[in-house]
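1. Kindly return the folded structure for what I paste below:
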Amino acid sequence: MQVVMSPKHVSRKMIIFLAIISLVLYTLAPISMAESAAATYQYTGSVQKWVVPAGVSKIKIEAWGAQGGTIPNNSNTGGLGGYVSGEQVVSAGQILYVYVGGQGGASRGSWIDGCDCYNNNGGWNGGGSGSGSRGPGGGGGTDVRIDGTSIADRAIVAGGGAGGFNYYGNNSYGGNTTNLWQLFQGENGDTNRHSGWYPNDEAGGGGGYYGGRIIHGDDPSSGYGGSSYYGSMTNGTFNHGVRNGHGMVKITIVELNTTPPEAPLVNEVKDNDTQLTGTAEAGSTITVTAGDSVIGTATTNEDGTFTVTIPLQPDGTILSVTASNSYGQVSEATWITVLESDVTPPVTEASLPQLPDSGWYGADVTVTLTATDDASGVLSTEYQVNGGEWQVYSEAFVLSSEQVNLVQYRSVDNAGNLEEAKSVQISIDKTAPSLSVELNITALLKPNHKLIPIVVTTTSGDATSGVASVTLTSITSNEPDNGEGDGDKSGDIQNAEIGTYDTEFLLRAERSGKADGRAYTITYTVIDNAGNETSVTKTVNVPHDRRK
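-> A predicted model of the protein is given here:
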């Protein structure tokens, strides 16, 4: 039967139908995507790794422990591995380390009397090794470790089965809960146990959260399987004795995070950059857009960092950067403006106290360095004194060494531009110069009122800045120039040019009649180029009588 509907009727029905279908597809899409995202891991004999994809918030982990080893041509097969499952909340970029247990190794094929041997045939990841000619190894446990690789990081464990010799008919399976040995490791067979003259044959215990023990004392002796564990996982289940051969792990995504990734954190970009870097949700896709054009894409690393290769962009260009997860959820955009590249080094200036005209300082000198960079800014400043090690400048420093000091300094900006080193010479002399003064006459023994020539010899020195000047500073008398009883003569000091290097002058040989005698005091001063000075005083006496 064919039904014909009016176009108007068809349109209304179709709208309703399509709306319902769209809603159902939107609701089921994440589930379908999750189911298709399951990962299965088989035995490899080494650790395997799974990184939580962006947008995933919960997973289901199923683990099967490995079977214990068998005895060739014998019905005593090894215990079967256990099963465990659980659900775990995760975050994007989290690392799961997968350890799939290996089946225990088979024993030798026939009895060997006196075989005091250790078989080293325990299954990988915790299976104990058997001993004797017919001691098969225990199966390895299977586990998944989160955010680390130690046994303390195990989140879920499926126990491995014990080796063959299941004389007791139970508890050799993986997932056993009794007669456990120690964390992770199944017990190894003992080569020192004998029945009479013959060594026992002992099967290895299964690996697991706790490994299984061995039943010592019987020949042959069987072992116990390892225990299973799902810790703090939700919806956990156990089953024992279900797995033949090696173990297995299956990871299924059961819940998606409907929240889009956070907006990326983007480092600054300049007009000479061909890479854009930053951080975002691990595993997300980074898209860089300039205007209406996508100029680069990349995937974030496990640690959340990303590097996108982009063509050169003029300064002032506005870029949009977004992160999207594998389910099409897109973050808000991070907007950045391309900056002008900085190719000019910073400028550093040195500030010093006012320098004397001589070019020498007579005291310690404080040096202040100031650096500027109008583009990327100053990263650091450093200085060097007299060819020593470069030191990071953090505050003003003091120079005190008495010598001609050479200070070099430079700065680097945040773009890596290094300033060419500048230098300043700082000369310091804090030590006074030396001076000696000798007179040709030190006593005028005949007070005959005559002017007597005095000749002075000076010796001066300064090892650092050098002598700047030596001057006659003063000549004084302890008596008045024309005092009572001195012969009524004036001008007792003549031809002395004070303030110059005058080494020849006249002193009058007279004194007061009532005093003990006259004393002329002569002072010379030496000054070095740093302004340090030394004064020396000498005396010419006119005694009252010769005996003085």
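2. Is Tyr300 in contact with Thr287, as I believe?
-> Quick fix: residue 300 reads Thr, not Tyr. No: at 11.7 Å, Thr300 does not count as touching Thr287 under the criterion of CB atoms under 8 Å. From N, CA and C alone the C-beta is placed, and that goes for glycine too.
3. Identify the contacts common to the two.
-> Residues within reach of Thr300 and of Thr287 at once, by CB atoms under 8 Å, 6 or more residues apart in numbering, are Ala323.
4. Ala63 - how many residues pack around it?
-> 33 (other CB atoms under 10 Å).
5. Just list whatever residues bridge to it.
-> Val84, Val249 (DSSP bridges).
6. for it, what are its contacts?
-> 83-85, 142-144, 156-158, 247-250.
7. re earlier: between Thr300 and Thr287, which has more neighbouring residues?
-> Of the pair Thr300 and Thr287, Thr300 is the one with more neighbours under other CB under 10 Å, namely 25 against 20.
8. Show the contacting residues for that one.
-> For Thr300, the contact set (CB under 8 Å, 6+ apart) comprises 279-286, 306, 323.
9. Of all pairs in those residues, which one is the farthest apart?
-> Of all pairs drawn from the contacts of Thr300, the greatest distance, 14.1 Å, lies between Thr279 and Thr285 (CB to CB).
10. Now Pro264. Nearest residue, chain neighbours left out?
-> Ala280 (4.0 Å; CB to CB, 6 or more residues apart in numbering).
11. wait, what's in contact with that neighbour?
-> Counted by CB under 8 Å, 6+ apart, Ala280 has contacts 261-262, 264-265, 286, 300, 304, 306, 323, 331.
12. And Val424, by the same measure?
-> 350, 352, 367, 406-407, 409.
13. What is the most widely separated pair among these?
-> Distances among those were taken as CB to CB; the most separated pair is Leu352 and Leu406, at 13.4 Å.
14. got any residues that touch both of these two?
-> In contact with both Leu352 and Leu406: 424, 426, using CB under 8 Å, 6+ apart.
15. most centrally placed residue in the chain?
-> Asp303 (16.0 Å; CA atoms, centre = their mean).
16. three-state assignment of that one?
-> Classification of Asp303 by DSSP: H, G, I helix; E, B strand; the rest coil places it in coil.
17. now swap in Ala152 and tell me
-> helix.
18. What count of nearby residues applies to it?
-> 8.
19. Relative to Thr366, how far out is it?
-> 58 Å (CB to CB, to the nearest Å).
20. ranges for the helices of this structure?
-> Assigned by DSSP state H, the helices in the chain fall at 7-36.
21. Got the domain ranges for it?
-> Using automatic domain parsing, the domain parsing of the chain gives 1-32, 39-255, 265-337, 347-427, 434-543.
22. With mean pLDDT added, can I get the ones you listed in TSV?
-> TSV is the format used below for these (pLDDT from 0 to 100):
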stretch	mean pLDDT
domain 1-32	37
domain 39-255	85
domain 265-337	95
domain 347-427	96
domain 434-543	92
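23. most packed of those domains?
-> Each of the domains of the chain was given a mean neighbour count from mean count of other CB atoms under 10 Å, and the largest, a mean of 24, is that of domain 39-255.
24. For that domain, give the distance from the opening residue to the closing one.
-> 15 Å (CA to CA, to the nearest Å).
25. Narrow the contacts of Ala280 to those in strands?
-> In strands, defined here by DSSP state E, the members of these are 265, 286, 306, 323.
26. right, and out of these, which lies closest to Thr539?
-> Leu265 (85.8 Å).
27. residue contacts, the closest one?
-> Counting by CB under 8 Å, 6+ apart, Leu265 has contacts 278-280, 334.
28. I'd like to know how far it sits from Gly304.
-> 9 Å.
29. Which neighbours do the two have in common?
-> 279-280.
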